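# here you go, sequence then predicted model.
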Amino acid sequence: MAKNRKTPDMNLPVWFDGQNINEALFCEEFLQERRIIFANGAFFTPDGRVTDDLPLRGEIYEKLKFCAVNNIPRKITNILEVLKLEAQEPDFPPEQDRIHVANGTLMLNGTFTEGKPAIVRSRLPIAYKPDAPAPVIWLNFLDGLLHAENIPTLQEFIGYCLIPSNKGQRMMVIKGNGGEGKSQIGAVLSAIFGTNMKDGSIGKISENRFARADLERKGKQSYQGWMFARLLAFSNGDLQALYDRSDGFYRRQLVLTTKEKPVDRADDPDLAEKMKAEAEGIFLWAFEGLQRLVANNFKFTESDRIRENREAVKRDNNNIFDFMESEGYIRRKADASISSKDFYEIYRMWCEENSLAPLKARSFSDAMIANAGRFNLEHCNNITNSAGRRVWGFMGVEAVARPHINGFYDVSPCTYVPENWRE
């Protein structure tokens, strides 16, 4: 007979009196046997964050099933709620100087400690093996995919993802025309990061609020947490800002372009699996990039090509830069001025004559304000328009072109009276 089954002559556990279960005493005993804490809305163990509580429920069930109690599933739920209180830690900050791997902990200085003695926020499924062979297939793949001067940047970025830090303040976009095999990188990274990474579409993140990691969970009070998400995107186009027209959105992008796919290249359907077999060597390669990044104070290696790519993306997504460099529409002049309304109408004319989609008036104004320093402009509210009213506008630029919209240009429709109506 199982030792915990209710019988007159058995020693009952301290948390069971033969009829009822004392959840608090159960949790005390459970925590003596199991290393687990509750912080920031989740349980953590030496294997990292508990993303699925079903195994934990299973452990509790194994201890309860020998007790003749009713409604065990509800009892398990109650115990989990008490366990959250009993195992509560007020703060559990991430450790940015180490990487917890399957067989121990690797410090950024290269020292390694075997085992899992402590509870951690996350643990990678990859093992640290300092003598792992070089990832030859992986390196050959990257050599055929990317320009040589950009590979160190990818190495640093993957290494950057190994630790919970956002000091680099960068996202990475690998852009091509399709079919180059760039998405194979994501498949390989899954072997290193496991459940610590999430794949999906950029469109889904921007359009579906339920697809984003949100600390304000449905039906629960919001709380402060540690967020260190890094974005690595594989795309055939550019990332576009929905609202931000400042330089910050583009400055934070590392844009890598792929080489053109050779016409006679024969694709290997098993390439991803072959590279996954080199995961331990790829981890060492990424760790080398991380150490280089840390030594450089989290400043990524950027080739001229990457900087040119970023500038091209900025221009493609925000045509005010080309507008400001155009001729025949405006003239930059230190003692000149123009109202925001006139400025926008000239910009709209430039877009129409160049078959470009104009920004909305507010977006145009915000973009010009954000880049005023770049163009030596000053945004102020003491510009006098042609009607003699003081309005918002810009110092440092004047109109050359004079667009006429329905014959009412620069005249308020509230005060304009056609000549044939006048006495």
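Perfect, I can see it now.

# buried residues, stretch 313-326. List them.
Within stretch 313-326, the residues scored as buried using 16 or more other CB atoms under 10 Å are V313, K314, N317, N318, N319, I320, F321, F323, M324, S326. The way it works is simple: take the backbone N, C-alpha and C, and place the C-beta from them, glycine included.

# now the residue nearest to R332 when sequence neighbours are not counted: which helix or strand?
Nearest non-adjacent residue to R332, counting by CB to CB, 6 or more residues apart in numbering: V397, 5.3 Å away. Assigning secondary structure by DSSP states H and E places V397 in strand 390-399.

# can you tell me what sits against that strand?
Applying CB atoms under 8 Å, 6 or more residues apart in numbering, the contact partners of strand 390-399 are 329-334, 336-343, 346, 368, 372, 375-385.

# please apply the same query to stretch 88-102.
37-40, 44, 48, 105-108, 116, 120-128, 162-165, 226, 228, 283, 287.

# now the buried members of those residues.
37-40, 44, 48, 105-106, 108, 116, 120-126, 128, 162-165, 283, 287.

# which ones among those residues map onto strands?
Under the assignment DSSP state E, these contribute I37, F38, A39, F44, G48, T105, L106 to strands.

# of those residues, which is the nearest to A134?
Distance to A134, by CB to CB, is smallest for L106 among these, at 18.2 Å.

# G176: neighbour count?
For G176, the neighbour count with other CB atoms under 10 Å is 20.

# low-confidence ranges in the chain?
1-10, 68, 202-227, 240-247, 404-423 (pLDDT under 70).

# all helices of the stretch 101-250 of the chain, in order?
136-145, 151-160, 184-193, 202-207, 247-251 (DSSP state H, counting those that start in this stretch).

# now find how far off-centre the shortest one is within its chain.
Between the centre of helix 247-251 and the centre of its chain there are 14 Å (CA atoms, centre = their mean, to the nearest Å).

# now swap in stretch 114-122 and tell me
Taking CA atoms, centre = their mean, one finds stretch 114-122 lying 25 Å from the centre of the chain it belongs to.

# span of that stretch from start to end?
Using CA to CA, to the nearest Å, one end of stretch 114-122 lies 16 Å from the other.

# output the helix or strand hosting I306 in CSV, but only the C-alpha positions, please.
I306 is part of helix 304-317 when elements are defined by DSSP H and E. Once non-C-alpha atoms are left out, helix 304-317 reads as follows in CSV (Å, rounded to 0.1, in the frame of the first residue of the first chain):
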residue,chain,number,x,y,z
ASP,A,304,30.2,51.5,-44.5
ARG,A,305,27.6,49.3,-46.3
ILE,A,306,25.5,49.1,-43.1
ARG,A,307,25.6,52.8,-42.6
GLU,A,308,24.6,53.4,-46.3
ASN,A,309,21.8,50.8,-45.9
ARG,A,310,20.4,52.7,-42.9
GLU,A,311,20.5,56.0,-44.7
ALA,A,312,18.8,54.5,-47.8
VAL,A,313,16.0,53.1,-45.6
LYS,A,314,15.5,56.4,-43.9
ARG,A,315,15.2,58.2,-47.2
ASP,A,316,12.9,55.6,-48.7
ASN,A,317,10.5,55.7,-45.7
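
# could you give the angle of that helix to helix 151-160?
80 degrees (axes from the mean of the first three to the mean of the last three CA atoms, to 10 degrees).

# against I126, how distant is I192?
In this view, I192 and I126 are 5 Å apart by CB to CB, to the nearest Å.

# pick the most deeply packed of the helices of the stretch 101-250 of the chain.
Greatest average neighbour count among these goes to helix 151-160 (a mean of 22), per mean count of other CB atoms under 10 Å.

# which residues of this protein fall in strands?
Counting by DSSP E, the strands of the chain are 37-39, 42-45, 48-49, 98-101, 104-107, 112-114, 171-175, 232-235, 253-257, 330-339, 378-384, 390-399.

# tell me which residues of the last one come out buried.
Using 16+ other CB under 10 Å as the test for burial, strand 390-399 gives W392, G393, F394, M395, G396, V397, E398, A399.

# just to revisit the earlier point, overlap of the contact sets of I192 and I126?
Contacts common to I192 and I126, judged by CB under 8 Å, 6+ apart, are A279, F283.

# and the longest helix seen in the chain, what does it pack against?
With secondary structure taken from DSSP state H, the chain has its longest helix at helix 279-295. Here helix 279-295 is seen to pack against helix 136-145, helix 151-160, helix 184-193 when contacts are counted using 3 or more CB pairs under 8 Å, 6 or more residues apart in numbering; DSSP states H and E.

# rerun at 6 Å
Packing contacts for helix 279-295, counted by 3 or more CB pairs under 6 Å, 6 or more residues apart in numbering; DSSP states H and E, involve helix 151-160, helix 184-193.

# identify whichever of the ones you listed lies nearest to S363.
Taking those one by one with CB to CB, helix 151-160 is closest: 30.4 Å.

# which other residues reach that closest one?
If you take CB atoms under 6 Å, 6 or more residues apart in numbering as the criterion, helix 151-160 is touched by L142, G168, M172, L254, A286, F287, G289, L290, L293, F300, T301.

# make TSV from these and add distance to S183 to it.
As requested, the contacts of helix 151-160 are arranged in TSV below (distance: CB to CB, whole Å):
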residue	distance to S183
L142	14
G168	23
M172	14
L254	17
A286	18
F287	23
G289	20
L290	23
L293	24
F300	22
T301	23
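
# ok, of these, which come out buried?
By neighbour count, with 16+ other CB under 10 Å, those hold L142, G168, M172, L254, A286, F287, G289, L290, L293, F300, T301 as buried.

# between these, which is nearest A266?
L142 (18.2 Å).

# residues touching that closest one, list them.
Applying CB under 6 Å, 6+ apart to L142 gives the contacts I151.

# and M172, by the same measure?
F157, L232, L254.

# so the residue nearest to the second one when sequence neighbours are not counted bridges to which residues?
Spelled out, that is L232. Once flanking residues are discounted, L232 sits nearest to M172: 5.0 Å by CB to CB, 6+ apart. Counting by DSSP bridges, M172 is bridged to L232, L254.
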